[in-house]
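Asks: sequence unknown, structure follows:
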């Protein structure tokens, strides 16, 4: 006599097939893009992308059971790929109102702490009032978030010089006395200055840009919804059990202050 299949077993088998179908669909297709932005993400001595945010990305994607590749590219290229290619992710991207509808914000990685920096020997007070009055000339790099952040401060557009060179050309313009202000995350600034051979004390943080936009692992809206949900739900499960915490930026700053 032929045995009847149990309904519960059939449901379980269907679910297993679907799970393996999802896993195999993303087995080799997930590419994660980021840029050189130490200490959050940077290329290590062995040619592998490292960093505090990178560790968080590994934690979530490995817990999700995904096979993936992290690639470090110029930021404009990372943004282009994330919004035009399928099954791509991007980090460390700042969540802003202008970007809100363009990306799916999957995993918070770290709080952001952006400041306006000036030369250390510039004694002028930086405030919303002095910025609005046009006393300062600011610099930012084309296509970079810092140009948007300068706009939030109220500084007149005609007082913002947009440069199209390297990511740190805005800082170099300030040091060369060709501009007065550039924007950087507080936890990143000292690391970048040392990497370029400068004493971080050559500039000082003059005013914090209000708002907690935060750094995220995100995806473009063209990335498969199943993949997005898998990453988001994995993060939520890790967070619920206390196994996931944001990058401690205060610890970064304490370490830099002691160096």
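Replies: Happy to help now that I have it. Computed from a prediction, not measured in an experiment: that's the story for all the values here.
Asks: any chance you could map the helices in the chain?
Replies: Counting by DSSP state H, the segments of the chain that form helices are 7-25, 52-63, 75-84, 128-132, 145-152, 169-175, 186-195, 225-240, 249-258.
Asks: what sits against the residue most central in space within the chain?
Replies: Computing the C-alpha centroid of the chain and ranking residues by C-alpha atoms, centre = their mean puts residue 92 first, at 1.6 Å. Residue 92 makes contacts with 34, 37, 40-41, 53, 109-110, 215-216, as judged by C-beta atoms under 8 Å, 6 or more residues apart in numbering. Where C-beta positions appear, they are placed from N, C-alpha and C, glycine not excepted.
Asks: and what of residue 131?
Replies: 153-155.
Asks: quickly note the distance from it to residue 213.
Replies: Between residue 131 and residue 213 the distance is 19 Å, computed by C-beta to C-beta, to the nearest Å.
Asks: the bottom helix or strand of this protein by mean pLDDT?
Replies: helix 7-25 (a mean of 45; mean pLDDT, DSSP states H and E).
Asks: contacts only, for residue 189.
Replies: Residue 189 makes contacts with 115, 117, 200, 203, 205, as judged by C-beta under 8 Å, 6+ apart.
Asks: count of neighbours near the third one?
Replies: What it means is residue 200. Here the neighbour count serves as a burial measure; for residue 200 (other C-beta atoms under 10 Å) it reads 17.
Asks: same question for the first one.
Replies: By the criterion of other C-beta under 10 Å, residue 115 has 21 neighbours.
Asks: in the sheet, who's paired with it?
Replies: With beta bridges defined as DSSP bridges, residue 115 has these partners: residue 184, residue 208.
Asks: and it, what pLDDT?
Replies: Residue 115 carries a pLDDT score of 94 in this model.
Asks: that one and residue 83, how far apart?
Replies: Residue 115 sits at a distance of 28 Å from residue 83 (criterion: C-beta to C-beta).
Asks: cool, the third one as well?
Replies: The span separating residue 200 from residue 83 equals 34 Å under the rule C-beta to C-beta.
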